[in-house]
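Q: Let's see this in three dimensions:
(chains A and B)
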Amino acid sequence: GQNIDQPTEMTATEGAIVQINCTYQTSGFNGLFWYQQHAGEAPTFLSYNVLDGLEEKGRFSSFLSRSKGYSYLLLKELQMKDSASYLCAVRDRTSGTYKYIFGTGTRLKVLA
Amino acid sequence: NAGVMQNPRHLVRRRGQEARLRCSPMKGHSHVYWYRQLPEEGLKFMVYLQKENIIDESGMPKERFSAEFPKEGPSILRIQQVVRGDSAAYFCASSPPIDREQYFGPGTRLTVT
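A: I've put the predicted structure just below:
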């Protein structure tokens, strides 16, 4: 079957580093995405990994290990505005069509 | 280049009425996805459409729900005879053909009274 797991909530301090983990099980893996969603708003794209390794984009980095079915999102120099939900999503290509499967999201609280 | 547009942003319906949600994808995007999100939960895939074609509707309830993406005009998600359990945020996302990330609209928040 298809399954994505990520922690429900995390808390960190302003200026710190936080790592949000995501594990997945899917039969037709075709890429992993991270989205940020502030309360009451639409998800916004953060990063995309399809090959193993680290993708860095400013304060945000995302890592993928396909053999382990594992990814993490790393947020550095945390700011108060980073308080949001972070959604891990896997693109699955089974039966010839693409489908995006989302985790339930990790609610990150950044404290002053 | 305008982003993904959805309207209405908020919709209130009484039980038994019909809800019609519209989504205009970004210019140049031919793929549209609809998702439902309940409070404090993740996004649940409902349906994936291309122009004039439903590609995958495996996440959409078989009854009362339908979706279309006509050759001209926005994609429509239609919910007939709404019930309280249909209250949720409905997000539309669009992407160019294959291999690119999705871009989300602002969502329609449906409340059934």
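
Q: in the sheet, who's paired with the spatially most central residue of chain B?
A: In chain B, the C-alpha nearest the mean C-alpha coordinate belongs to residue B:34, at 3.7 Å (Cα atoms, centre = their mean). Here residue B:34 shows beta-bridge partners residue B:47, residue B:92, assigned using DSSP bridges.

Q: where in chain B is pLDDT low?
A: B:1, B:98-99 (pLDDT under 70).

Q: got the residues of it near chain A?
A: Contact residues, chain B versus chain A (Cβ under 8 Å from any Cβ of the partner chain): B:33, B:35, B:41-45, B:48, B:55-56, B:58, B:91, B:93, B:98-99, B:101-107. No exception for glycine: its C-beta is placed from N, CA and C like everyone else's.

Q: Which of those residues are buried? Put it as a PyMOL command.
A: In PyMOL, this line selects whichever of these come out buried by 16 or more other Cβ atoms under 10 Å in any protein chain shown:
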select buried, chain B and resi 33+35+42+43+44+45+48+55+56+91+93+101+102+103+104+105+106+107
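
Q: Inside strands: which ones of the residues of chain B next to chain A?
A: Using DSSP state E, the members of these that fall in strands are B:33, B:35, B:43-45, B:48, B:55-56, B:91, B:93, B:103-104.

Q: Nearest residue to residue B:35 in space, ignoring adjacent ones along the chain?
A: residue B:43 (4.2 Å; Cβ to Cβ, 6 or more residues apart in numbering or on different chains).

Q: where along chain A do the strands fall?
A: A:3-5, A:9-13, A:18-25, A:29-37, A:44-49, A:53-57, A:60-65, A:70-75, A:84-94, A:97-102, A:106-111.

Q: Buried residues, the longest one. List them.
A: Of the residues in strand A:84-94, those scored as buried under the neighbour-count criterion (16+ other Cβ under 10 Å) are A:84-92.

Q: and that strand with chain B, contact?
A: Yes. Counting by Cβ under 8 Å from any Cβ, chain B is contacted by strand A:84-94 at A:87, A:89.

Q: picking that back up, between the buried residues of strand A:84-94, which is closest to chain B?
A: residue A:87 (6.4 Å; Cβ to the nearest Cβ).

Q: my read: the closest one touches residue A:105, true?
A: Yes. The pair residue A:87 / residue A:105 is scored as a contact, 4.7 Å apart, by Cβ atoms under 8 Å.

Q: from the buried residues of strand A:84-94, which single one is nearest residue B:29?
A: residue A:91 (15.8 Å; Cβ to Cβ).

Q: so who does the closest one touch?
A: Neighbouring residues of residue A:91 by Cβ atoms under 8 Å, 6 or more residues apart in numbering or on different chains: A:29-33, A:98-101.

Q: cutoff 7 Å now
A: A:30-31, A:33, A:98, A:100 (Cβ atoms under 7 Å, 6 or more residues apart in numbering or on different chains).

Q: Run through the bridge partners of residue A:13.
A: According to DSSP bridges, beta-bridge pairing links residue A:13 with residue A:111.

Q: Repeat that for residue A:92.
A: Bridge pairing for residue A:92 - DSSP bridges - gives residue A:29, residue A:99.

Q: pLDDT at it, what is it?
A: The confidence metric pLDDT takes the value 88 at residue A:92.

Q: That one and residue A:2 touch, don't they?
A: Yes. Between residue A:92 and residue A:2 there is a contact at 6.1 Å, judged by Cβ atoms under 7 Å.
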